[in-house]
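1. One predicted model, sequence on top.
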Amino acid sequence: MDPQLKQRLTQQIERLEHQLQQLNINADAFAGWFDPQLFNQDVDHPQDYIHELRRNLRRLEQATTSQRSQWLSEHLAHQLRSLHQAINWFQQEQRPRP
């Protein structure tokens, strides 16, 4: 894996982690948000999504076939996009309304 790509993905995951911590979202609020094919459904806390992203990034680094690498790349991209959208929604919900 390209070191710059790995660095960008790591930074993106760290930003999402920071945003989740700031929002202080409880596990019940995230329940049922994601398709079971996107994230493991045995999640007890929103932080578990971050752990899964990191685990998939490690798997991508260790992928031994181009097919596996491509699948992991696409899966990780979908996970990042979905978690980013969920966090944006929660941020908008927490903003004071005029």
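-> That came in fine, so what should we check first?
2. Give me the contacts around stretch 34-46.
-> For stretch 34-46, contacts defined as CB atoms under 8 Å, 6 or more residues apart in numbering pick out 20, 25-27, 29-30, 48-49, 52, 75, 78-79, 82, 86. To be clear about C-beta, it is placed using only N, CA and C from the backbone, and glycine gets the same treatment.
3. Identify the farthest-apart pair in those.
-> Greatest spatial distance among these (CB to CB): Asn26 and His75, at 26.2 Å.
4. Could you check which of these two has the larger neighbour count?
-> It is His75, of Asn26 and His75, that has more neighbours when counted by other CB atoms under 10 Å, with 16 against 10.
5. Tell me which other helices or strands the helix or strand bottoming out on mean pLDDT in the chain touches.
-> Least confident helix or strand of the chain, by mean pLDDT, DSSP states H and E, is helix 27-30 with a mean of 75. In terms of contacts (3 or more CB pairs under 8 Å, 6 or more residues apart in numbering; DSSP states H and E), helix 27-30 is packed against no helix or strand at all.
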